[in-house]
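A.B. asks: Predicted model follows, preceded by the sequence.
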Amino acid sequence: MNEAMVIRNDLLAKTVIKGLESRNMSGYYVHTKEEALAKALELIPKGSSITMGGCTSAREIGLVDALQSEDYNFIDRDKYEDKRAAMLAAYDADIFLTSANAMTSDGIMVNIDGNSNRVSAICQGPKKVIVIVGMNKICDDVDGAMKRARNIAAPVNAQRFGLNTPCSKTGTCMNCKSPDTICCQFLITRFSRHQGRIHVILVNDNLGF
Ligand code: SF4
């Protein structure tokens, strides 16, 4: 990343963090994946139970690998035969890891979900929610964030999971009601009632999609 972009992102991150704090959420800004991993581990006490909702960004910074240690109780839903049991276990976890499909420069998060386990765990259940967000996901406003979520994040996810949706063929949202749609729920997180619950780690890198 060139120096001018780093300076721009450093400034923008300060604005996002101020916005998050005004919404009763905590924000942190780091420059590298390695720093993001260290910050996340600082927020996760040893012995914690941890689960996550399809968080590519957490994998990309090495957090999922780090949590396989016996110091943590990582609840891996892929290892549960009973997916409903995995989802219910997630609500009782100490920590929920996620990303955001997009975030506004004043700290509002936008997430789209098909099964809705991810957006529901952001809303309530796990004691602490840690959100890993690359600076590539920061948008001007909610309208821009919704467009990013629907025209970038959702089509990529539909393609990744081999879903039969219009966007997996066109690369952009066609506002479908396909049985395979992953756009069942749109969550806009504009405030956290519970101080200390939602923590956002902004990373000056391209993470997720
Ligand atoms: S509404 Fe349908 S076409 Fe649009 S992003 Fe969602 S799944 Fe794709």
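C.D. replies: Received the coordinates, thanks.

A.B. asks: Any idea how many residues pack against Met52?
C.D. replies: By other CB atoms under 10 Å, the residues close to Met52 number 26. Yep, even glycine has a C-beta here, placed from its N, CA and C like the rest.

A.B. asks: The spatially closest residue to it that is not a sequence neighbour: helix or strand, and which one exactly?
C.D. replies: Nearest non-adjacent residue to Met52, counting by CB to CB, 6 or more residues apart in numbering: Leu97, 3.7 Å away. Using DSSP states H and E, Leu97 sits in strand 95-98.

A.B. asks: following that strand, which helix or strand shows up next?
C.D. replies: strand 102-104.

A.B. asks: Say whether the ligand is contacted by the helix or strand following that next one.
C.D. replies: With elements assigned by DSSP H and E, the helix or strand that comes after strand 102-104 is strand 109-113. No. Using CB under 6 Å from any ligand atom, strand 109-113 stays clear of the ligand, coming no nearer than 7.1 Å.

A.B. asks: Quick one: mean pLDDT over strand 109-113.
C.D. replies: Rounded to a whole number, the mean pLDDT of strand 109-113 is 97.

A.B. asks: repeat for stretch 14-28
C.D. replies: 98.

A.B. asks: Show me what from the chain comes close to the ligand.
C.D. replies: 150, 154-155, 158, 165-167, 173-176, 178, 181-183.

A.B. asks: Show the contacting residues for the residue nearest the centre of the chain.
C.D. replies: Nearest residue to the geometric centre of the chain (CA atoms, centre = their mean): Ser99, 0.9 Å. Going by CB atoms under 8 Å, 6 or more residues apart in numbering, Ser99 touches 55-58, 131-133, 137, 207-208.

A.B. asks: Report how many residues lie close to the closest residue to Ala149 other than its chain neighbours.
C.D. replies: Of all residues not flanking Ala149 in the chain, Asn101 sits nearest, at 3.8 Å (CB to CB, 6+ apart). Neighbour count of Asn101, defined by other CB under 10 Å: 27.

A.B. asks: Then Cys139?
C.D. replies: For Cys139, using other CB under 10 Å, the count is 18.

A.B. asks: Contacts only, for Val200.
C.D. replies: So Val200 contacts 16, 20, 25-28, 100, 103, 107, 109, 131, 133 (CB under 8 Å, 6+ apart).
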